[in-house]
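Peer 1: Show me how the following folds:
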Amino acid sequence: MKKNTIVSAGLLTLTLLLLVAVAPVSAQVNWGLSYAADVGLGTAEIREVAADIVNTLLGLLGIVALIIILIGGFRWMTAAGNEENIASAKKTIAAGIVGLIIIFFAYAIVMFVFNIVGGALT
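Peer 2: Purely as a prediction, here's the structure:
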């Protein structure tokens, strides 16, 4: 156990020394922030990109929730009158509906926050 702590302390010290040695050099590096505009890449604001990513993810989650509802409906149709299978199918459908409701509220909250932040920064 003591050997592990000595090795860990040595690695931490080496990492800190490397970071301190590189810090003055990194202040002089051209990070290429204007490179994207120079080569013709998009110049969209980060808020727009984040909103697009969130919209895409919530859309995919919505598709997953609809698939869950369809699976529950298929289970119900193929239950053949078995009460246990019907109850399981109803739970699956209810879970899918609750998931859709959560996704809709998440979308509303995200759009509200982005509108507030967007209005404050412009």
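
Peer 1: Gly81 in helix, strand or coil?
Peer 2: coil (DSSP: H, G, I helix; E, B strand; the rest coil).

Peer 1: For it, grab the count of nearby residues.
Peer 2: Around Gly81 there are 6 other residues, counting by other Cβ atoms under 10 Å. Quick note: C-beta positions are derived from backbone N, CA and C, even for glycine.

Peer 1: And Val110, by the same measure?
Peer 2: The local packing of Val110 (other Cβ under 10 Å) involves 16 other residues.

Peer 1: Without its sequence neighbours, what residue ends up closest to it?
Peer 2: Nearest residue to Val110, sequence neighbours excluded (Cβ to Cβ, 6 or more residues apart in numbering): Val54, at 5.1 Å.

Peer 1: and the one you found, what helix or strand is that in?
Peer 2: Using DSSP states H and E, Val54 maps to helix 46-77.

Peer 1: So what angle separates the directions of the helix or strand following that helix and helix 46-77?
Peer 2: Helices and strands here follow DSSP H and E; after helix 46-77, the next one along the chain is helix 83-121. On the basis of axes from the mean of the first three to the mean of the last three Cα atoms, to 10 degrees, helix 83-121 is oriented at 170 degrees to helix 46-77.

Peer 1: Low-confidence regions, this structure specifically.
Peer 2: 1-4, 7, 14, 16-38, 40, 119-122 (pLDDT under 70).

Peer 1: now the residue located most distally from the centre of it: how far from Arg75?
Peer 2: Relative to the C-alpha centroid of the chain, counting by Cα atoms, centre = their mean, Gly81 is the outermost residue, at 40.7 Å. Counting by Cβ to Cβ, to the nearest Å, the separation of Gly81 from Arg75 is 13 Å.

Peer 1: cool, Ala106 as well?
Peer 2: 27 Å.

Peer 1: The two: which has the busier surroundings?
Peer 2: Between Ala106 and Arg75, counted using other Cβ under 10 Å, the more crowded position is Arg75 (17 against 14).
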